[in-house]
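# Here you go, sequence then predicted model.
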Amino acid sequence: MTDLNLPILDLSRLDAGPEAAAQFRDDLRAATHDVGFFYLTGTGVTPELEGRLHQAARDFFALPEADKLAIENVNSPHFRGYTRIGGERTQGKVDWREQIDIGPERDAVSDPEAPDFSRLIGPNLWPAAQPELRDVVSEWHDHLSGVARKLLRAWALSLGAPENYFDEHFGEPSTLIKIVRYPGKEDPTPQQGVGAHKDSGVLTLLWVEPGKGGLQVEREDGDTGERHWVDAPPVPGAFVVNIGELLEYATQGYLIATKHRVISPTYPDDRISVPFFFNPALDKRLPLIELPAELAAQARGVTQDPANPIHALYGENALKSRLRAHPDVAAIHHADLVAARAASA
């Protein structure tokens, strides 16, 4: 561990010979068993690509309000497009941020017999005033998809599974890119940029604007067992990586999905971040990994939270999260799903 409160792993060690690769896999397993979070360097993402993404994000949020609202997510049954400040909720409380959500570019599903989660499939909403955004996001998506696959193969081997375990069970991955801006708050008390939560999928790669803090991760004190928040400031050239609920489920709690949150910056400062979520196809279930005996003995079981059930079928987990986070979109486009879930609660 370092003074940064999270481990730092170098992905390039996987290509530095068998001994270095084996050590990386051990470190990867330990980081996500103990913490669920780590910094990742050596991804091959160039400063030039980071710079173009950062500039594209700044240019988007600088657009006139009318241009952003033209692609507001209330116009998308698929939860795509722009979310205005205050338009998203975590644990029922308003998040102080604005963002654009971008997923796989697909046609909407018209089959009335399709499962509920198929409503998440559809086209993105792109700003007409900024056509270059699509190109840089596509390049970012393709590079990080390769990083994610490389990590998942390393995880599989480290857990005693075949290297292609996740490749076999992912199908066509469900990805989501959020380009987020956290405006500064004048109130000196900590504000909810995004509230404490666990990610609903498998893997998140987070890019944070250099020099901008605010991300906090929940850690357990090894002596007292008490949980507390620690800062996870950005590290130059590194992504912050965390696992989601499905990887905790697949390992029956040997790997842990960890709560995290973002505290708003103080006005006039603001903060850009870009999380990339890499998950299975909506119709895929992650079967339980048969862990080696020494690892299985350390599995803690899946977190039981009646307010946040973990579904093995990824589409159900993803839909749960989207309906909860965007109640305005849910009310406009999916009132039947909201009513059905309320009736069964």
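Right, received. Where do you want to start?

# buried residues in the longest helix along the chain?
Counting by DSSP state H, the longest helix found in the chain is helix 132-158. For helix 132-158, a neighbour-count test (16 or more other Cβ atoms under 10 Å) marks 133, 136-137, 140-141, 143-144, 147-149, 151-158 as buried. (Glycine included, C-beta is placed from N, CA and C.)

# now swap in stretch 87-99 and tell me
Buried residues in stretch 87-99 (16+ other Cβ under 10 Å): 87-90, 95-99.

# just checking, next helix/strand downstream of the longest helix of the chain?
Sequence-wise, the next helix or strand downstream of helix 132-158 (DSSP states H and E) is helix 165-170.

# Can you tell me what sits against that following helix?
149, 152-153, 155-156, 202, 280-281, 284-287, 289 (Cβ atoms under 8 Å, 6 or more residues apart in numbering).

# Tell me how far it lies from the chain's centre.
19 Å (Cα atoms, centre = their mean, to the nearest Å).

# Check stretch 137-148 too.
That offset, for stretch 137-148, works out to 14 Å (Cα atoms, centre = their mean).

# and if you look at stretch 9-17?
23 Å.

# Show me what counts as buried in stretch 21-28.
Result for stretch 21-28 [16+ other Cβ under 10 Å]: buried residues 24-25, 27-28.

# coming back round to it: and the contacts of helix 165-170 as a markdown table, adding distance to T266 and pLDDT?
Converted to a markdown table, those look like this (distance: Cβ to Cβ, whole Å; pLDDT from 0 to 100):
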| residue | distance to T266 | pLDDT |
| --- | --- | --- |
| R149 | 39 | 96 |
| L152 | 38 | 96 |
| R153 | 42 | 97 |
| W155 | 38 | 97 |
| A156 | 43 | 97 |
| V202 | 34 | 93 |
| P280 | 39 | 92 |
| A281 | 41 | 93 |
| K284 | 42 | 91 |
| R285 | 44 | 87 |
| L286 | 40 | 83 |
| P287 | 46 | 86 |
| I289 | 43 | 94 |
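
# Surely E290 is within a helix?
No. E290 is assigned coil when assessed by DSSP: H, G, I helix; E, B strand; the rest coil, not a helix.
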